[in-house]
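Visitor: Need a 3D model of the sequence below.
(chains A, B and C)
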Amino acid sequence: MRLSIPPEELMHPGHLACQGCGAALAMRYALKALGPDTIMDIPACCWSVISGPFPHTALNVPVYHTAFETAASTAAGIRAALRVLGRERTTVLAWAGDGGTFDIGLQALSAAAERNDDFIYAVYDNEAYMNTGIQRSSATPYGAWTTTTPAENFKQRPKKDMVRIMAAHRIPYIATASVAYPEDFIRKFTRAKALKGMRFIHILAPCPVGWRAQPQHTIKIARLAVRTRLFPLLEIEDGVRWRLTVNPANPRPVSEYLALQGRFKHLTTAQVESIQESVDRNWGDVAALAGAAAVGAAPPDANAAADEP
Amino acid sequence: MGDALKTLPDFPEISMSCADTAYNKTGQWRVMRPAIDAAKCSRCGVCWKFCPDAAIAFDGGLPRIDYEYCKGCGICAEECPRACISFEFEEK
Amino acid sequence: MAGPATAPQTEVMMGNHALSHGALRSRVQVIAAYPITPQTQVVELLSEMCASGRLAAEYIKVESEHSAMAACIGAAAAGARSFTATSSQGLALMHELLHWAAGSRLPVVMGNINRAMGPPWNIWDDQTDSLAQRDTGWMQIYCADNQEVLDSVPIAFRVAERVMLPCMIVLDAFILSHTAEIVDVRSQAAVDAFLPPYAPRWRLDVADPRTFGALTEPEPYYRLRFMLEGAMQEALTHFDEAHADFAAACGRRYDALAGNARAAVDRLREEGLAAGLLRIRLFRPFPVARLRALATRARRLCVLDRNISFGAGGIFAQEIRSALYGLPGAPEIRGHVAGLGGAEVTTDMFCDMARETARASSCADLVVWKGLRDAPQHSA
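Guide: Residues are numbered from 1 along each chain as shown, chains lettered A, B, ... in the order given. Okay, the predicted model is just below:
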């Protein structure tokens, strides 16, 4: 039989992720794309637990667990060592959660991007501090319940636009990826692997526990994030050449995405409508940058995948 | 933790892995059990593709769930395009 | 290792540049650094050395000391000899990662120029910055002159790489960092014979993929910390060996404790006071046995601290009291704090402290503050 993604597994079963964990799936795909000649560092995040307790590991590549805010700076050091030791071909991957990327690690990440350090930085974004028990981060979207943004006082500010922050650094490659689109996901990591300099990949990784969702709905929710145009799948070269890789021609209403997640259940119809408006506005901006029509039309780039999971 | 350390000559100076996570039979976590109806399966591989636990392998072209590790998230049942994976409570 | 003593090659350089030359001679492979007064010249010169190709190292121009240490940690974990330098606030910013380097058993070597902690802003000499890091698992060497600064870099790397612990080389702001002295820079061959290339037992290696630093349960964590303490104690022997080999290779003898004769001691002896001077070069690991062996030769110890652990007095005095506790015939200890934030410590002050220590009816005071003009009244 012909598989649409590589069969090799570098992530072992027996890892400690919760049922239906989007971050676990993201790691599985990333390693399929990058292969065994990869060295990874992981700051404090769910994956510092998922990989398994000493002396076990679920990951069949070298991994260095590093301090919360140092994913990028530690990766820069690993890359420098490999260069001086003549091991240039090895891929260096910094693998961090949204807290370690959008919040506490942003300074180190920005600096590595400005220097155009030669590694891939991947953030698996589950939109809150899930490992410590669902506290809001700057990646938490407007409207969401978390344990520090209770329903009576839900998150009032929009999610930080990390992709544009990274684009402003004019790094060679930026992509967004979804666990519901494995072929697109793996193609982007494979492309990133072939490039030099700083590469940033933003993965939306649903968290059934933190999103108050059913574990079997992880893919459904991730797919709806794309089909509602809430999470555009795109690539950006040198911070300026934007391109949509999936163009949902007949977008679903964002209410379908929100309805599967208990973290949004307190929202009024008016609040849901305001989220829809912000999604439409952002899609319009992104589509304009990508040169695609905001509504309906297929993207001008014939290579962009159709909206099929 | 002790058994895995026996593969090293000495207790390492640092916290360092010396075995994979095969010891951790996460199938024990399962409350709901997915089961593939081989007769209806089209062998498309979607269940394998979306398994967060890498707990589905192919056996003669047919996907087979490794119940030692399957945590019972149900993604495979939800995503199967032929709806040929049942998802029922484990019998106690 | 008995290499022939090579002919001296002398240059006039400030302490900061002695640190850079030490890193050059140690063939460091990765440098990650951030500027801070009074350290900046260390990394400026290293930057020039890398740019000119004189030093074949990767130089990462990080955005903070925090990232400097994180990059050194990543580089050392991947198998490269790694170096940085900092001071004061920069060292404090690194604090979390000092634990990280030691806990990962990575032999990063760092220069720290002792500078007072703010606020208020103060750029002058004060040891509180480095002594506040005493519990991080870093070895610490305190230098008395620029030659010792340079020589301590290869010594630090050699011991660090053998015991798998990081090492800090500490020097005084301006008094050493910006003061030019004649320094023997020695031949590269002598240092190469003394310091072999870094060959870690474990590193991030795709041919042997392992996960480092995963969640570790209490029992193995406790055991790993016991092993770290064991490495610290072993380091005492490795320092002795390194000091002996270094003396054979380069003709200069260092010790964990130094007994340099100084102007104040000379003057006190002329006055008929039987005074000697003991300098603690190695602060971590603390040379307890050596100190206990020497201490009974004195009736009283006058300890000078250019640092303060608020509420507990000078830090060297505390450490010495702790080391000598219960020793039969142990000397009484009078702890003095002086010179914080670069305040002057003169020969006259040294002599006063020694005379007062000799004559005081008791040494019971926690700390005696010296050189405070118009001292406000403490309630204590």
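Visitor: Look up the closest residue to A:K188, ignoring the ones flanking it.
Guide: Counting by C-beta to C-beta, 6 or more residues apart in numbering or on different chains, A:A175 is the residue found nearest to A:K188 once chain neighbours are left out, at 4.2 Å. Bear in mind the C-beta positions are built from the backbone N, C-alpha and C, glycine included.
Visitor: Please tell me I have it right and that neighbour contacts A:T190.
Guide: No - contact criterion C-beta atoms under 8 Å: A:A175 and A:T190 do not qualify, at 10.8 Å.
Visitor: Which stretches in the stretch 51-200 of chain A count as strands?
Guide: Assigned strands in the stretch 51-200 of chain A, in chain order: A:56-57, A:63-65, A:91-97, A:120-125, A:173-178, A:199-204 (criterion: DSSP state E, counting those that start in this stretch).
Visitor: Turn these into TSV, columns for mean pLDDT and mean neighbour count.
Guide: Formatted as TSV, the strands of the stretch 51-200 of chain A follow (pLDDT from 0 to 100; neighbours: other C-beta atoms under 10 Å in any protein chain shown):
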stretch	mean pLDDT	mean neighbour count
strand A:56-57	96	26
strand A:63-65	98	25
strand A:91-97	98	29
strand A:120-125	98	27
strand A:173-178	98	26
strand A:199-204	98	26
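Visitor: Closest to the centroid, which residue in chain B?
Guide: By C-alpha atoms, centre = their mean, chain B has its centre lying nearest to B:A55, at 2.4 Å.
Visitor: Closest residue of chain B to chain C?
Guide: B:S17 (4.0 Å; C-beta to the nearest C-beta).
Visitor: do you know how far the residue in the stretch 1-150 of chain C that chain B sits nearest to is from chain A?
Guide: Using C-beta to the nearest C-beta, the closest approach of the stretch 1-150 of chain C to chain B is made by C:R105 at 4.8 Å. Remark: distance between C:R105 and chain A (C-beta to the nearest C-beta, to the nearest Å) = 12 Å.
Visitor: Looks like that residue contacts C:G230 (just checking).
Guide: No - in this structure, C:R105 is not within contact of C:G230 by C-beta under 8 Å, at 11.4 Å.
Visitor: Which of those two has more residues huddled nearby?
Guide: A side-by-side neighbour count of C:R105 and C:G230, using other C-beta atoms under 10 Å in any protein chain shown, places C:R105 first with 27 against 12.
Visitor: quick one: pLDDT of that one?
Guide: C:R105 carries a pLDDT value of 98.
Visitor: Which positions in the stretch 101-250 of chain C make contact with chain A?
Guide: By C-beta under 8 Å from any C-beta of the partner chain, the part of the stretch 101-250 of chain C that sits against chain A consists of C:104, C:204-206, C:208-217, C:220.
Visitor: Show me the two of those residues that sit farthest apart.
Guide: Farthest-apart pair in these is C:V206 and C:E217; separation 27.7 Å (C-beta to C-beta).
Visitor: Do a quick rundown of the helices in the chain.
Guide: All of this is about chain A. For chain A, helices defined by DSSP state H occupy the ranges A:22-34, A:46-50, A:71-84, A:98, A:106-115, A:162-167, A:182-194, A:218-227, A:254-259, A:269-290.
Visitor: right idea, wrong chain: chain C
Guide: C:15-25, C:40-52, C:65-77, C:88-93, C:95-103, C:128-131, C:146-163, C:188-194, C:218-250, C:263-270, C:288-295, C:315-324, C:347-359.
Visitor: Where does pLDDT dip in the stretch 151-300 of chain A?
Guide: Residue ranges of the stretch 151-300 of chain A with pLDDT under 70: A:293-300.
Visitor: so which residue of it comes closest to chain C?
Guide: A:H169 (12.5 Å).
Visitor: how much space is there between the nearest residue to that residue once chain neighbours are set aside and C:G118?
Guide: Nearest non-adjacent residue to A:H169, counting by C-beta to C-beta, 6+ apart: A:A113, 3.9 Å away. Noted for A:A113: a distance of 30 Å to C:G118, by C-beta to C-beta, to the nearest Å.
Visitor: ok, now C:S187?
Guide: Using C-beta to C-beta, C:S187 is found at 42 Å from C:G118.
Visitor: which of these two has more neighbours?
Guide: C:S187 (16 against 12).
Visitor: quick one: the more buried one and C:Q9 touch, right?
Guide: Yes - shown here, C:S187 and C:Q9 form a contact pair, counting by C-beta under 8 Å, at 6.9 Å.
Visitor: Might you enumerate the residues of the stretch 51-200 of chain A proximal to chain B?
Guide: A:G52, A:P53, A:F54, A:P55, A:H56, A:T57, A:A58, A:N60, A:V63, A:V179, A:P182.
Visitor: now do 6 Å
Guide: Counting by C-beta under 6 Å from any C-beta of the partner chain, the stretch 51-200 of chain A comes close to chain B at A:G52, A:F54, A:P55, A:H56, A:T57, A:A58, A:P182.
Visitor: Equivalent analysis for the stretch 1-150 of chain C, please.
Guide: So the stretch 1-150 of chain C meets chain B at C:R105 (C-beta under 6 Å from any C-beta).
Visitor: For chain A, what is the nearest residue in the stretch 1-150 of chain C?
Guide: Counting by C-beta to the nearest C-beta, the stretch 1-150 of chain C gets nearest chain A through C:G74, at 2.8 Å.
Visitor: Please, where are all the helices along chain B?
Guide: Counting by DSSP H, the helices of chain B are B:2-5, B:46-49, B:75-79.
Visitor: Now the weakest link among these, please, by mean pLDDT.
Guide: In terms of mean pLDDT, the lowest-scoring of these is helix B:2-5 (a mean of 58).
Visitor: Tell me how far C:I182 lies from C:R281.
Guide: For C:I182, the distance to C:R281 equals 20 Å [C-beta to C-beta].
Visitor: before we move on, what about C:A343?
Guide: 23 Å.
Visitor: do the same with A:M198
Guide: Using C-beta to C-beta, A:M198 is found at 43 Å from C:R281.
Visitor: Can you tell me which residues in chain B are near chain A?
Guide: Chain B comes close to chain A at residues B:4-5, B:15, B:17-22, B:24, B:26, B:43, B:45, B:49-50, B:52-55, B:61, B:69, B:71, B:73-75, B:78-79, as judged by C-beta under 6 Å from any C-beta.
Visitor: Would you mind naming the residues that bridge with the residue nearest to A:K188?
Guide: Following DSSP bridges, A:A175 is listed with bridge partners A:I201, A:E235.
Visitor: Distance check, it against A:R136.
Guide: The gap separating A:A175 from A:R136 is 26 Å, by C-beta to C-beta.
Visitor: neighbours of C:R321, just the number please.
Guide: Other residues within reach of C:R321, judged by other C-beta under 10 Å, total 16.
Visitor: Show the pLDDT at it.
Guide: For C:R321, the pLDDT comes out at 97.
Visitor: about what we covered before: put together CSV for the strands of the stretch 51-200 of chain A, with distance to A:W47 on each row.
Guide: Converted to CSV, those look like this (distance: least, C-beta to C-beta, whole Å):
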stretch, distance to A:W47
strand A:56-57, 11
strand A:63-65, 9
strand A:91-97, 6
strand A:120-125, 8
strand A:173-178, 16
strand A:199-204, 12
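Visitor: tally of neighbours for residue 72?
Guide: Went with chain A since none was named. A:A72 is flanked by 36 other residues according to other C-beta under 10 Å.
Visitor: please go with chain C instead
Guide: For C:C72, the count of nearby residues is 35 (other C-beta under 10 Å).
Visitor: Contacts only, for it.
Guide: Shown in contact with C:C72 (C-beta atoms under 6 Å, 6 or more residues apart in numbering or on different chains): C:A32, C:S82, C:T84, C:V108.
Visitor: So what sits opposite the second one in the bridge?
Guide: Right, C:S82. Applying DSSP bridges, one finds that C:S82 bridges with C:V30.
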